[in-house]
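Novice: here is my input, please return the structure:
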Amino acid sequence: MPLPAGFEKRLWAAADQLRANSALQPSEFATPVLALIFLKYAEHRCAEAERQRAPSGRRGGAGAGDGRAGGVLFVPEEARFSRLLRLPEGADIGGALDDAMRAIEAENEDLEDVLPKTYGRFDARTLEELLQLFGAIPEDVEGDVFGRIYEYFLGNFAPRTLQKGGEYFTPSSVVRLIVEIIEPYHGRIYDPCCGSGGMFVQSANFIAEHRKRPSDEIAVYGVEKVAQTLRLARMNLAVHGLSGDIREANAYYEDIHDQVGKFDYVMANPPFNQNAVDRERLKGDRRRFPFGMPSVDSANYLWIQLFYSALSASGRAGFVMANGASDARGSELELRRRLLQTGAVDVMVALGSNFFYTVTLPVTLWFLDRGKARGAREDKVLFIDARRVYRQVDRAHRDLSPAQIELLANIVRLYRGEEPEDLHGSGELLKQRFPGGRYADVPGLCKAATRGEIEAQGFSLNPGRYVGVAGRVPEDVDLKGRLEQLNEELTRLSGEAREIEAKIAENVAALLGA
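Specialist: Numbers count the residues shown, from 1 in each chain. Model (predicted):
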């Protein structure tokens, strides 16, 4: 059965009310609550496996071997959600939950050291009410219900607990757009800054929507440097019925997946404009950083090179970047020029402001395709200005509707010579803009520019420079957003100033030495 309308919202409202009445901060509350959703899901999957075995005439419950053989989590009796619901009054619920998490980890290698054992910090009444709350999820639900609930809670915890730049949660509509454009139907998927694993989950959803089983089609690999976030990712994969090779490391310095040329798809939302990376440690690594080191103290072009070098000969990448990276000057311009010369830059999509929880400034989505360097699109880049394409969620936040996501992805499909899709009602929107059913430049929306045109624009990858103007883009960012944009520009200009100062110092030293 499907969930009642608004069920996830009602669950969240009740759980958030319990948090507000406790002494715990949102960051302390998030992982234990998400783990309870996981616990309920695990029992649900176990019950499904037992029902499927029932006609065989076997007696008794599922054993550990049965669960693993079927790709199902094994949940020992002491960890069953239903048993925890029946604990007698006055029982140590916190201790019982900690024991349940340990018991599941002991039986499932992928979850070792993943689940929280901190329920002793909660008062008994709050734990009892949380168990009752998630116990209300129907037993006979269909489809990815628990995944939807987990993602809904993750998204609502995000603005209360996120790090600067959205390092562990990327809004799902942005992820879905990336997935729709790179089309990860089959192969190895990599995210070297995977956060809570949203790129993997949305890839699986994309495959399921096209009537294939994700576990048969994709293998996922990830890197996450924050242990707590890594735990969220592993739970997220498990709740969506996925498994993957996700490890704790710093992707700058550790190549734990031997990444060069290995992956069919790379998807990521790296931290924006990150500084203080020790570039001296990376200088000798020309395999992962084939275009060289930027002289500015920003990691944007380190990430771009990591994504590029991880792709196979026909691999595609899609990732989020701060707008400043598209126009950056100095050493970053030279790195961008070298990247463009490979023919791998495929599509650039400008999004408007207020899509992210902690950063209001607009961003650009970059798409690489190493396979296109040998095809008809080798000399071209498709620019899409989607700053005016959005749905207002509330006063401070925007997202993209399923139809808008499909429309933008269909522009790319037409450009690539592929058939457009109409699974989410984008057909009429596409027909209005492309009445002939073929790709054509649309002023103010999209433009396929040649490499010569890009060179004439100083190798800029800013879509606004190419698509023209259909109408004035409204200046509707708030003061905070405008200040962040100005700060980003100041950071870029400061970097260029440091480069110039360094060159002047070199020249003066050379003259004095002479």
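
Novice: what packs against the helix or strand hosting Ser326?
Specialist: Per DSSP states H and E, Ser326 falls inside helix 324-327. Using 3 or more CB pairs under 8 Å, 6 or more residues apart in numbering; DSSP states H and E as the contact criterion, the elements in contact with helix 324-327 are helix 300-310, helix 479-513. (Each C-beta comes from the backbone N, C-alpha and C, glycine too.)

Novice: please repeat the previous calculation with a cut-off of 7 Å.
Specialist: Secondary structure elements in contact with helix 324-327, counted by 3 or more CB pairs under 7 Å, 6 or more residues apart in numbering; DSSP states H and E, are helix 479-513.

Novice: distance between the helix or strand that Asn410 is a member of and the chain's centre?
Specialist: Using DSSP H and E, Asn410 sits in helix 402-416. Chain-centre distance of helix 402-416: 19 Å, with CA atoms, centre = their mean, to the nearest Å.

Novice: just checking, what packs against it?
Specialist: With contacts taken as 3+ CB pairs under 7 Å, 6+ apart, helix 402-416 sits against helix 172-182, strand 380-386, helix 427-433.

Novice: for Gly315, find the nearest of those.
Specialist: Set against Gly315 and scored by CB to CB, those come closest in helix 172-182, at 9.2 Å.

Novice: picking up where we left off before, what's the helix holding Asn410 in contact with?
Specialist: 173, 176-177, 180-181, 347, 349, 382, 384, 386, 389, 391, 419-421, 423-426, 429-430, 434, 438-439, 446, 448 (CB atoms under 7 Å, 6 or more residues apart in numbering).

Novice: what's the neighbour count on Ser326?
Specialist: A count of nearby residues for Ser326, using other CB atoms under 10 Å, gives 22.

Novice: next, work out how far apart it and Cys46 are.
Specialist: Separation of Ser326 from Cys46 (CB to CB, to the nearest Å): 49 Å.

Novice: follow-up on the earlier one: can I get the helices and strands packed on helix 402-416 in a markdown table including distance to Glu50?
Specialist: Formatted as a markdown table, these follow (distance: least, CB to CB, whole Å):
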| stretch | distance to Glu50 |
| --- | --- |
| helix 172-182 | 32 |
| strand 380-386 | 47 |
| helix 427-433 | 43 |
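
Novice: dump these into a markdown table; add mean neighbour count and distance to Lys503 as well.
Specialist: Below are the helices and strands packed on helix 402-416 laid out as a markdown table (neighbours: other CB atoms under 10 Å; distance: least, CB to CB, whole Å):
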| stretch | mean neighbour count | distance to Lys503 |
| --- | --- | --- |
| helix 172-182 | 24 | 37 |
| strand 380-386 | 24 | 30 |
| helix 427-433 | 14 | 47 |
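
Novice: would you mind putting those into CSV with distance to Pro4 and mean pLDDT alongside?
Specialist: Compiled in CSV, the helices and strands packed on helix 402-416 are given as follows (distance: least, CB to CB, whole Å; pLDDT from 0 to 100):
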stretch, distance to Pro4, mean pLDDT
helix 172-182, 21, 95
strand 380-386, 34, 97
helix 427-433, 30, 94
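
Novice: compare these and report which one is nearest to Arg288.
Specialist: Among the helices and strands packed on helix 402-416, helix 172-182 comes nearest to Arg288, with 20.5 Å by CB to CB.

Novice: just the C-alpha atoms of the closest one, please, in CSV.
Specialist: Extracted C-alpha coordinates of helix 172-182, given in CSV (Å, rounded to 0.1, in the frame of the first residue of the first chain):
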residue,chain,number,x,y,z
SER,A,172,17.5,16.3,-4.2
SER,A,173,16.2,18.3,-7.2
VAL,A,174,19.7,19.4,-8.0
VAL,A,175,21.0,15.8,-7.7
ARG,A,176,18.1,14.6,-9.9
LEU,A,177,19.0,17.1,-12.6
ILE,A,178,22.7,16.0,-12.6
VAL,A,179,21.6,12.3,-12.8
GLU,A,180,19.1,13.0,-15.6
ILE,A,181,21.8,14.7,-17.7
ILE,A,182,24.6,12.2,-17.3
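
Novice: report the inter-axis angle for that helix versus helix 402-416.
Specialist: Orientation of helix 172-182 against helix 402-416 (axes from the mean of the first three to the mean of the last three CA atoms, to 10 degrees) gives an angle of 20 degrees.

Novice: neighbouring contacts of helix 172-182?
Specialist: Contacts for helix 172-182 (CB under 7 Å, 6+ apart): 151, 155, 198-199, 202-203, 206, 265, 267, 316, 318, 320, 347, 355, 365, 367, 399-400, 405-406, 408-409, 412.

Novice: do the same with stretch 115-127
Specialist: Counting by CB under 7 Å, 6+ apart, 18, 22, 24, 31-32, 35, 93-95, 97-98, 101-102, 104-105 sit against stretch 115-127.

Novice: can you say which of those are buried?
Specialist: Among these, those scoring as buried are 18, 24, 31-32, 35, 93-94, 97-98, 101, 104-105 (criterion: 16 or more other CB atoms under 10 Å).

Novice: distance to Gly222, pLDDT and secondary structure added to those residues, as TSV?
Specialist: Formatted as TSV, the buried ones among the contacts of stretch 115-127 follow (distance: CB to CB, whole Å; pLDDT from 0 to 100; DSSP: H, G, I helix; E, B strand; the rest coil):
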residue	distance to Gly222	pLDDT	secondary structure
Leu18	31	88	helix
Leu24	28	82	coil
Thr31	18	91	helix
Pro32	23	93	helix
Ala35	19	93	helix
Ile93	33	95	helix
Gly94	31	95	helix
Leu97	27	96	helix
Asp98	27	96	helix
Met101	22	95	helix
Ile104	21	93	helix
Glu105	20	93	helix
